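1. Need coordinates for the following:
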Amino acid sequence: MDERQLALIRRLSDGRSHSGEAIAREFGLTRAAVWKTLRKTADAFGLELISERGRGYRLATPLELLDAGRIRATLSESGRAHLSRLDIHPVIDSTNRELMRLAAEGAPSGSVCLAERQTAGRGRRGREWVSPFGVNVYLSLLWRYPFAPSNLGGASLAVGAALAAVLSELTDEGVALKWPNDLLWQRRKLAGLLLEVAGESQGPCHLVVGLGLNLRMTAGQGSAIDQPWAGLEEALGGVMVGRNALVACLLEALLEALDRYGREGLAPFLPLWRAHDAYLGAPVRLLLGERVIEGIHAGVADDGSLLLDTSDGRRAFQAGEVSLRPLESQIQ
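-> Numbers count the residues shown, from 1 in each chain. All right, here's what the predicted structure looks like:
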């Protein structure tokens with residue numbers, strides 16, 4: 001995205017009509033070039049542009065672009081104290097990749113990377129994370145710990161529990177958790193986490209938590225997603241959510257959770273996780289490499305392992321080794 005394209009999107013983000021004459025004057029374009037330039041910009045970023053005779057041009061749906069000042073101002077004093085750096089990119093390959101790079105260069109704990117769009121967003125197990133411009137939340141947060149990476153085995157569950165608690169306060173039906181790192185609404189994927197760790201075998205280490213949350217993505221924008229999904233505004237009954245206020249709310253929860261995990265580990269988060277467990281007591285199947293293991297989902301152990309009651313008895317599975325899916329007969 002060049003600077004003029006970004007400026008054009010900012011000008012049109014209010015959803016109001018802007019005359020071709022005003023756009024031409026502001027951006028140094030000829031009247032003939034206005035439509036072509038706007039069309040090219042809208043097409044490049046998946047935005048629907050409407051031309052209204054006698055009125056001008058507008059976006060079909062207004063955009064609330066991310067603003068570092070508004071996000072910081074919404075954080076609590078504690079949140080601002082934990083936040084050391086806040087970068088917002090119009091377009092980036094991956095917020096996690098950027099923050100892992102910055103971490104290797106010495107970026108401090110509490111560094112945050114946000115993007116309006118990702119061109120190579122990643123989910124768990126290398127899957128693509130669909131990331132259209134300006135409609136969802138793509139956020140990564142760096143946290144440094146003095147201990148070994150092996151102590152971070154429960155971090156995914158801790159972060160998921162903290163986010164589920166916050167999001168459930170916003171929705172009537174609440175948000176559920178699918179082990180190890182998905183947040184669901186009505187058994188459809190609302191958000192996903194991608195945690196990446198690096199460091200010395202005995203410590204110290206650093207953790208990058210990536211969060212992708214669907215907010216107001218259209219069916220067309222989400223057509224490449226290969227599983228049922230939901231957006232937060234759908235979960236709120238169509239109520240519009242301010243993206244900057246939402247990001248501040250999510251950041252507040254993440255900063256507090258990562259700080260607390262460093263001091264207390266997974267234990268204080270387990271009751272929350274268990275209260276939001278999507279498939280507790282349900283028949284499920286686990287995909288473990290080429291193997292499929294079926295049984296009854298028996299919750300999570302104190303170390304964050306998934307517990308499954310199988311024909312061979314109760315077995316524990318570590319995060320990162322399996323994929324969890326409900327049996328087809330259980331999908332409503």
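2. drop to CA atoms for contacts and neighbour counts, all remaining ones
-> Will do.
3. residue contacts, the residue nearest to His206 when sequence neighbours are not counted?
-> Ranked by C-alpha to C-alpha, 6 or more residues apart in numbering and with sequence neighbours excluded, the top spatial neighbour of His206 is Arg144, at 4.2 Å. Contact analysis of Arg144 by C-alpha atoms under 8 Å, 6 or more residues apart in numbering lists 108-109, 204-207.
4. and if you look at Ala68?
-> Neighbours of Ala68 in contact, by C-alpha under 8 Å, 6+ apart: 86-88.
5. do that again at 10 Å, thanks
-> If a contact means C-alpha atoms under 10 Å, 6 or more residues apart in numbering, then Ala68 has 85-88, 114, 244, 248 as its contacts.
6. cool, Arg55 as well?
-> 16-20.
7. any chance of those residues in a markdown table, plus neighbour count and secondary structure?
-> Below are those laid out as a markdown table (neighbours: other C-alpha atoms under 10 Å; DSSP: H, G, I helix; E, B strand; the rest coil):
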| residue | neighbour count | secondary structure |
| --- | --- | --- |
| Arg16 | 16 | coil |
| Ser17 | 16 | coil |
| His18 | 18 | strand |
| Ser19 | 18 | coil |
| Gly20 | 22 | helix |
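8. Looking at the residues you listed, spot the one nearest Glu196.
-> Distance to Glu196 across the contacts of Arg55 (C-alpha to C-alpha) is lowest for Arg16, with 41.2 Å.
9. any idea how far Ala32 is from that closest one?
-> 21 Å (C-alpha to C-alpha, to the nearest Å).
10. Same check on Val292?
-> Distance of Val292 to Ala32, computed by C-alpha to C-alpha: 61 Å.
11. my guess is Ala282 meets Leu307, correct?
-> No. With contact defined as C-alpha atoms under 10 Å, Ala282 does not count as touching Leu307 (11.9 Å).
12. What segments of the stretch 1-150 of the chain are helices?
-> 3-12, 20-27, 31-44, 68-74, 77-82, 95-104 (DSSP state H, counting those that start in this stretch).
13. Pick the most buried one from these.
-> helix 95-104 (a mean of 20; mean count of other C-alpha atoms under 10 Å).
14. Quick check on the nearest residue to Leu63 once chain neighbours are set aside: phi, psi?
-> Sequence neighbours aside, Ser13 is the residue nearest to Leu63 in space, at 4.7 Å (criterion: C-alpha to C-alpha, 6+ apart). When read as degrees, to the nearest 10, the backbone of Ser13 gives phi -60, psi -20.
15. before we move on, what SS does Leu193 have?
-> strand (DSSP: H, G, I helix; E, B strand; the rest coil).
16. Now do the SS call for the residue lying closest to it once chain neighbours are set aside.
-> Take Leu193 and drop its neighbours on the chain: the residue closest to it by C-alpha to C-alpha, 6+ apart is Leu211, 4.8 Å away. Recorded secondary structure, Leu211: strand (three-state DSSP).
17. which intervals of the stretch 1-150 of the chain have sub-threshold pLDDT?
-> 1, 123-126 (pLDDT under 70).
18. And Leu272, how close does it get to Arg39?
-> Leu272 is 47 Å from Arg39, where distance means C-alpha to C-alpha.
19. biggest helix in this protein, by residue count?
-> Taking DSSP state H as the criterion, the chain has its longest helix at helix 243-264.
20. what packs against that one?
-> Judged by 3 or more C-alpha pairs under 10 Å, 6 or more residues apart in numbering; DSSP states H and E, helix 243-264 is in contact with helix 68-74, helix 77-82, strand 137-145, helix 155-168, strand 205-213.
21. among these, which is nearest Phe45?
-> Nearest of those (C-alpha to C-alpha): strand 137-145, 15.6 Å.
22. Can you show me the CA trace of the closest one as PDB?
-> Taking Å, rounded to 0.1, in the frame of the first residue of the first chain, the C-alpha atoms of strand 137-145 are listed here in PDB:
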ATOM      1  CA  VAL A 137      -8.500  -7.700  14.800                       C
ATOM      2  CA  TYR A 138      -4.900  -9.000  14.000                       C
ATOM      3  CA  LEU A 139      -2.800  -8.500  17.100                       C
ATOM      4  CA  SER A 140       0.500  -9.900  18.400                       C
ATOM      5  CA  LEU A 141       2.100  -9.200  21.800                       C
ATOM      6  CA  LEU A 142       5.600 -10.000  23.000                       C
ATOM      7  CA  TRP A 143       6.300 -11.000  26.600                       C
ATOM      8  CA  ARG A 144       9.700 -11.900  28.100                       C
ATOM      9  CA  TYR A 145      10.200 -14.500  30.900                       C
END
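23. Alright, that wraps it up for me.
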